[in-house]
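1. Dropping a prediction and its sequence here:
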Amino acid sequence: MAINLDKAFGLHADGLVLRSKRAEVIASNIANADTPGYKAKGMDFQKALAQASQRQSMGMTRTNEKHFDVRMELNNGVEFRVPDQPDTGDGNTVDVQVERNLYLENSLEYQSSFQFLNGKIKGLKKAITGGQ
């Protein structure tokens, strides 16, 4: 009997990828905190995970390279964030303290997802080897 890894991991693998992408977006905001005119970007994790869930349930595949890939969004869920602070005069909307907090929160959630997946893999390994 074959083990279906998509069913075993569910959306948790997609969640790990999305959290990694979110970390990149937040890190980019922090790196550009002093760049005049830079607009902070954000990613709605719940919305992106819901889209990943729909992609899994649809099971659609591209049969020709000229077809649009409806599974991927054009902006990959990354949008400009509404600023919490007034314009400082240079057009930059990054609030470094907010970005650091978001990065820390995302990091903790990433670690939790990773530990969960690690536990699933250990469980599958134990089932395959018979607990040896």
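-> Perfect, thanks for sending it.

2. OK, contacts around His34?
-> One correction, residue 34 is Asp, not His. Asn92 (CB atoms under 8 Å, 6 or more residues apart in numbering). (Glycine included, C-beta is placed from N, CA and C.)

3. Tell me the pLDDT of Phe114.
-> As predicted, Phe114 sits at a pLDDT of 91.

4. And the pLDDT at the spatially closest residue to it that is not a sequence neighbour?
-> Take Phe114 and drop its neighbours on the chain: the residue closest to it by CB to CB, 6 or more residues apart in numbering is Leu16, 6.4 Å away. Here, the pLDDT recorded for Leu16 equals 88.

5. in what helix or strand does Leu16 lie?
-> Using DSSP states H and E, Leu16 maps to helix 12-31.

6. What ranges in this protein fall below the confidence cut-off?
-> Residues of the chain meeting the criterion pLDDT under 70: 1-6, 8, 52-76, 131-132.

7. Would you map the strands across it?
-> 41-43, 78-80 (DSSP state E).

8. With respect to Lys125, which of those strands lies nearest?
-> Proximity to Lys125 (CB to CB) singles out strand 41-43 among the strands of the chain, at 32.5 Å.

9. CA atoms of stretch 37-55 as PDB?
-> What follows is stretch 37-55, C-alpha atoms only, in PDB (Å, rounded to 0.1, in the frame of the first residue of the first chain):
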ATOM      1  CA  GLY A  37       9.200  56.300  -1.700                       C
ATOM      2  CA  TYR A  38       9.200  52.600  -0.700                       C
ATOM      3  CA  LYS A  39       5.700  51.200   0.100                       C
ATOM      4  CA  ALA A  40       5.500  48.500   2.700                       C
ATOM      5  CA  LYS A  41       4.100  45.200   1.400                       C
ATOM      6  CA  GLY A  42       2.200  42.600   3.300                       C
ATOM      7  CA  MET A  43       0.700  39.100   2.700                       C
ATOM      8  CA  ASP A  44      -2.600  37.900   4.000                       C
ATOM      9  CA  PHE A  45      -1.600  34.400   5.200                       C
ATOM     10  CA  GLN A  46      -5.100  33.200   5.700                       C
ATOM     11  CA  LYS A  47      -6.200  34.200   2.200                       C
ATOM     12  CA  ALA A  48      -3.100  32.700   0.700                       C
ATOM     13  CA  LEU A  49      -3.700  29.400   2.600                       C
ATOM     14  CA  ALA A  50      -7.300  29.300   1.500                       C
ATOM     15  CA  GLN A  51      -6.200  29.700  -2.100                       C
ATOM     16  CA  ALA A  52      -3.700  26.900  -1.700                       C
ATOM     17  CA  SER A  53      -6.500  24.700  -0.300                       C
ATOM     18  CA  GLN A  54      -8.600  25.500  -3.400                       C
ATOM     19  CA  ARG A  55      -5.700  24.600  -5.700                       C
END
